Structure formats: structure tokens, C-alpha cells
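Colleague: The sequence and its predicted three-dimensional model are supplied below.
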Amino acid sequence: MTSDTAHRGNRHGRSEQARRAVLEAADDLLAEKGFAGVTIEGIAARAGVAKQTIYRWWPSKVDVLLEAFTEDMAEHLTPPDTGDLAADLRTHLANLAEFLTASDPGAVFRALTGQAQHDPALATRLRDEHLSHQRARDRLPLERAIARGDLPDLDVDEAVDHLVGPVHYRVLVTGTEVSRAFTDNLVAAFLKQHER
């Protein structure tokens with residue numbers, strides 16, 4: 001059997017390259033067509049793989065989209081660790097705003113969040129299997145600052161809500177611009193409230 005025969009319908013073969021192509025195709029299609037417009041057939045055609053290749057790795061388009069989204073969040077939304085809480089929070093919130101408003105992965109997030117309003121199973125998976133990991137990353141600058149003695153002991157989850165909640169509210173509810181001035185002001189207000 002020649003390699004062409006072995007890989008008919010999949011120009012990448014069974015490889016990490018093919019997996020990446022599928023995840024990127026899913027991201028692109030969701031950004032272009034919205035949730036309802038994404039199909040396994042469309043992902044396969046865009047990625048240059050056979051449908052069977054996708055089904056070998058993921059049971060549904062939701063699984064493909066969730067994996068793509070989770071990888072993107074980890075890559076783009078891990079807070080810096082400079083040892084300066086104010087700088088770390090300003091950078092993290094600015095990155096969050098840019099991710100949610102100006103990137104293809106942000107469009108994926110908005111589409112999945114919208115779909116989750118009508119799909120309780122997706123909502124549960126999105127929260128429990130995916131957003132919980134981002135929540136842990138959002139906590140990192142605060143946990144590090146507490147450990148350094150730069151912040152008093154506080155309810156870290158509540159603090160995360162106060163910092164990232166307004167960004168999500170503007171992106172998902174009001175559609176208002178999320179400027180760098182806005183996110184910097186969130187950080188300034190938080191730090192003023194929790195000065196040692």
C-alpha cells in the first residue's frame with residue numbers, strides 16, 4: 001500500500017499537523033459562519049482531512065470547538081508573573097479584553113456562550129470542563145500577591161468576579177467598547193479597595 005493510498009482523504013496523515021489543522025479550521029469556520037453554520041463536513045473540507053479522521057478524535061463538532069477554544073484560552077490568557085500585581089492585572093485584563101473582542105478564539109467563545117443559553121448540556125460542559133481552567137488562571141496574580149504579602153488575605157473568587165466580570169458583561173451583554181482605560185480603571189479601583 002502506498003502512502004498516498006494510506007492517507008487518501010487526509011493530506012496530513014494521522015499527525016499532530018492534522019489535529020492542529022482541524023482545530024484551526026473549526027475556529028475559522030465558527031468565526032465566519034456562527035455555531036449553526038459549522039459542520040463536521042465543513043471542518044473536514046477546510047482542514048483537508050477525512051470526516052473519519054475527525055470522528056476518530058472527537059465525537060461531535062462541539063467537542064472539536066471546545067478543544068480549540070480551551071487551547072486558545074490557555075495560550076492567550078495565562079497571566080504574566082512579573083512580581084508586580086498592578087502590572088500583572090493590567091496586562092491580564094487588557095489581554096482578556098483583546099481576546100474576547102478582537103480574536104477568532106474570542107468569536108468562538110461568544111458563539112459557544114450564545115449556544116449554551118439554549119443547550120444546558122453545553123453550558124455545563126463549558127463551565128465545568130473548560131471555563132473552570134480559565135478561572136484558575138484568573139486567580140493566579142491574586143494568589144501570588146497574597147503569597148508575597150502584597151495583598152491581604154481575601155476571597156479570591158469574589159475578587160476575580162470584580163475584575164473580569166465587567167469585561168465579560170461589556171462583551172456579552174452591552175456590547176460596549178472595552179478599552180485599555182476601562183480595564184486599567186478596574187485594576188486601579190480594585191487595588192485602592194485592597195491597599196495594605
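Modeller: Sure thing, it's come through.
Colleague: Only C-alpha atoms from now on, for both contacts and neighbour counts.
Modeller: Fine.
Colleague: Tell me how far Ala189 lies from Leu163.
Modeller: According to CA to CA, to the nearest Å, Ala189 and Leu163 sit 9 Å apart.
Colleague: Please identify which of those two sits among more neighbours.
Modeller: Using other CA atoms under 10 Å as the criterion, Ala189 and Leu163 rank with Leu163 on top: 20 against 12.
Colleague: separation between that one and Gln115?
Modeller: 25 Å.
Colleague: what does Ile146 give?
Modeller: 37 Å.
Colleague: ok now do Ile40, which residues does it touch?
Modeller: 51, 54, 60-61 (CA atoms under 8 Å, 6 or more residues apart in numbering).
Colleague: Just the ones of those residues in strands?
Modeller: Using DSSP state E to define strands, no part of the contacts of Ile40 is located there.
Colleague: which residue is nearest the centroid of the chain?
Modeller: Met73 (3.3 Å; CA atoms, centre = their mean).
Colleague: As a check, name the ranges of all helices in the protein.
Modeller: Along the chain, counting by DSSP state H, helices occupy 3-6, 16-33, 40-47, 51-57, 61-76, 85-102, 104-116, 120-125, 132-148, 156-169, 180-193.
Colleague: Off-centre distance for stretch 112-131?
Modeller: 13 Å (CA atoms, centre = their mean, to the nearest Å).
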